[in-house]
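Engineer: Structure here, sequence nowhere to be found:
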């Protein structure tokens, strides 16, 4: 060990002025805050159909989802939703408006979902998707959706389809993202 390397040791404690137990470095006092991750995505519309992606990665490989994923540092939620559509469906999209914000404490996530539309006609599976499709409402594989929040977003979208002014949605009553 060189002279610039310090031994650090963390201890669970409630820091002064805080209300939650956290990992605190006993050497320097650094507090390791573990906070929820932000996921952002979109319901992408094109010619009366919705873009769905069949997952090529865990969790829920082989199940259908909306293009969505974790935000990266230095990007806005809208930029992250557009990037995820490119990564998962090789699709360029235009964000139209906010649809919903979901909180899923079980997996420490906040999910921000937008309404968007394809910018052009091109889409194809990206590296995180086995397949992609444009589906009409009746073609959505409801029994094969990857996550409860995908169903929430689709059903909430259906309730305001064609409406231009509505308040963003949140978790349906009593729903917190259990599978």
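Structural biologist: Okay, I see it. Since the model is a prediction, treat every value here as computed from it, not as a measurement.

Engineer: can you tell me how far residue 9 sits from residue 49?
Structural biologist: Distance of residue 9 to residue 49, given as Cβ to Cβ, to the nearest Å: 56 Å. Backbone N, C-alpha and C define where each C-beta goes, glycine included.

Engineer: Comparing those two, which residue is more hemmed in?
Structural biologist: Taking other Cβ atoms under 10 Å, residue 9 and residue 49 do not tie; residue 49 has more neighbours (16 against 10).

Engineer: what's near enough to touch that one?
Structural biologist: 134-136, 139 (Cβ atoms under 8 Å, 6 or more residues apart in numbering).

Engineer: Now restrict the residues you listed to buried residues only.
Structural biologist: For the contacts of residue 49, a burial check counting by 16 or more other Cβ atoms under 10 Å picks out residue 134.

Engineer: Tell me which of the contacts of residue 49 fall in strands.
Structural biologist: Members of the contacts of residue 49 lying in strands (criterion: DSSP state E): 134-135.

Engineer: Show me which of the contacts of residue 49 is closest to residue 55.
Structural biologist: Closest approach between the contacts of residue 49 and residue 55, by Cβ to Cβ: residue 135, at 15.2 Å.

Engineer: If we ignore the residues flanking it in sequence, what's nearest the residue nearest to the spatial centre of the chain?
Structural biologist: Taking Cα atoms, centre = their mean, the centroid of the chain lies closest to residue 39, which sits 2.8 Å from it. For residue 39, ignoring the flanking residues on the chain, the nearest one in space by Cβ to Cβ, 6 or more residues apart in numbering is residue 111 at 4.5 Å.

Engineer: ditto for residue 75
Structural biologist: residue 83 (6.9 Å).

Engineer: wait, isn't that neighbour in contact with residue 74?
Structural biologist: No: in this structure, residue 83 is not within contact of residue 74 by Cβ atoms under 8 Å, at 11.3 Å.

Engineer: More neighbours: these two, which one.
Structural biologist: residue 83 (17 against 6).

Engineer: mean confidence for the helix or strand residue 96 falls within?
Structural biologist: Here residue 96, judged by DSSP states H and E, is contained in strand 93-104. The average pLDDT within strand 93-104 is 98.

Engineer: hang on, the earlier thing: secondary structure element for the residue nearest to residue 75?
Structural biologist: Secondary structure from DSSP H and E places residue 83 in helix 77-89.

Engineer: Give me the contacts around the strand holding residue 96.
Structural biologist: For strand 93-104, contacts defined as Cβ under 8 Å, 6+ apart pick out 36, 42-44, 67, 78, 81-82, 85, 109-119, 149, 152-153, 156-157, 168-171, 176-177.

Engineer: Before I go, just wanted to say thanks for your time.
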